[in-house]
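**Student:** sequence unavailable; structure follows:
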């Protein structure tokens with residue numbers, strides 16, 4: 001399983017793309033976020049990634 005590290009300064013769209021790609025390749029992905037700002041960016045990225053992966057029925 002691959003771990004993606006998210007910071008408060010991470011771009012949610014970029015993180016979402018990485019999440020979707022890793023999920024397609026490996027079937028699961030782990031996100032590490034430390035702090036409220038990083039958690040906020042991670043949650044935004046998950047919401048965006050869901051839209052990228054959902055049309056593929058995964």
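**Tutor:** The structure has been received and is ready for your questions. Bear in mind that the values here come from a model prediction, so they are computed numbers and not experimental data. Residues are numbered from 1 along each chain as shown.
**Student:** when you work out contacts or count neighbours from here on, use the C-alpha atoms and nothing else.
**Tutor:** Noted.
**Student:** enumerate the positions of the helix or strand hosting residue 25 that are buried.
**Tutor:** Secondary structure assignment for residue 25, by DSSP states H and E: helix 12-26. Neighbour counts over helix 12-26 (16 or more other CA atoms under 10 Å) mark 12-13, 15-23 as buried.
**Student:** what packs against it?
**Tutor:** In terms of contacts (3 or more CA pairs under 8 Å, 6 or more residues apart in numbering; DSSP states H and E), helix 12-26 is packed against strand 2-6, strand 29-33, helix 36-53.
**Student:** comparing those, which comes out most buried?
**Tutor:** helix 36-53 (a mean of 17; mean count of other CA atoms under 10 Å).
**Student:** ok so, going back, got the helices and strands packed on helix 12-26 as TSV, with mean pLDDT columns?
**Tutor:** Formatted as TSV, the helices and strands packed on helix 12-26 follow (pLDDT from 0 to 100):
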stretch	mean pLDDT
strand 2-6	94
strand 29-33	95
helix 36-53	95
